[in-house]
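Student: just to be clear, the model below is a prediction. Sequence and coordinates:
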Amino acid sequence: MEYLSIVKQKDISEQELLEVCKIKSVFGDYSIGSQKQWILKNLYEDDLHFLLYNDDVLVAYLNLVDVRLLINGNLWSVYGIGNVCSSKNGSGFGSKIVRKLNDFLVSVDIPGYLFCKQNLISFYSKNGWAILDCDNSNVLKNIEIKSMIFNFKENVNNIDYTGRLF
């Protein structure tokens, strides 16, 4: 049986954190210990962990952080989406957790914002996310990363973000 658990950073158990770090370490050259240190250092107590389970086994993960984004000259509260990963490429768990994320963003009526490597744009586009070609974010200067947005109902002419990475 598949289910989603949403846990605040301040409430995540040591076991859940270890499971998250194991999944995250599959897709990078980072140890479980360094993954844990990154989470403890960079996520605030009210940031959210999305944990997708299949038969009580964690199969996909992402985190949401509360950030401010300047869109068309107006300041917006949005969720920054980070660390989207699944236990196995091609399993469909990545799409499932993103669709659950989309449902959540619509239900709380908050836009989502993420940084995306070029090779993942089609994945997020298929899951309803829009690429932003007007991004002036300082965090994206000189790197091959694009930003994408979901659940934002206005036309985006200019966007700027200078906050923390997520």
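Tutor: Arrived safely. Numbering: from 1, shown residues only.

Student: the bottom helix or strand of this protein by mean pLDDT?
Tutor: strand 159-160 (a mean of 87; mean pLDDT, DSSP states H and E).

Student: longest strand anywhere in the chain?
Tutor: Longest among the strand segments of the chain by residue count, using DSSP state E, is strand 57-71.

Student: which helices and strands does it pack with?
Tutor: With contacts taken as 3 or more C-beta pairs under 8 Å, 6 or more residues apart in numbering; DSSP states H and E, strand 57-71 sits against helix 14-26, strand 48-54, strand 74-86, helix 93-108, strand 112-117, strand 159-160. All C-beta spots, glycine's among them, are computed from the backbone N, C-alpha and C.

Student: unless I misread the structure, Ile6 falls within a strand.
Tutor: Yes: according to DSSP: H, G, I helix; E, B strand; the rest coil, Ile6 belongs to a strand.

Student: where are the low-confidence patches of the protein?
Tutor: Applying pLDDT under 70 to the chain flags the ranges 134-143.

Student: now do the residue positioned nearest the centre of it against Asn151, distance only.
Tutor: Closest residue to the average C-alpha location of the chain: Ile81 at 2.3 Å, with C-alpha atoms, centre = their mean. Computed with C-beta to C-beta, to the nearest Å, the distance linking Ile81 and Asn151 is 11 Å.

Student: which neighbours do the two share?
Tutor: By C-beta atoms under 8 Å, 6 or more residues apart in numbering, Ile81 and Asn151 have these common neighbours: Gly112.

Student: and Phe123, which of the helices and strands packed on strand 57-71 is closest to it?
Tutor: Proximity to Phe123 (C-beta to C-beta) singles out helix 93-108 among the helices and strands packed on strand 57-71, at 7.0 Å.

Student: quick check: His49 touching Lys10?
Tutor: No: with contacts counted by C-beta atoms under 8 Å, His49 stays clear of Lys10, the gap being 10.6 Å.

Student: neighbour count winner among these two?
Tutor: Neighbour count, other C-beta atoms under 10 Å: between His49 and Lys10, His49 has more, with 21 against 10.

Student: my guess is Gln9 contacts Tyr44. True?
Tutor: Yes: Gln9 is within contact range of Tyr44, at 6.4 Å (criterion: C-beta under 8 Å).

Student: okay, the two: which has more neighbours?
Tutor: Gln9 (18 against 11).

Student: OK, contacts around Tyr113?
Tutor: Tyr113 neighbours (C-beta under 8 Å, 6+ apart): 67, 69, 78-81, 147-149, 161.
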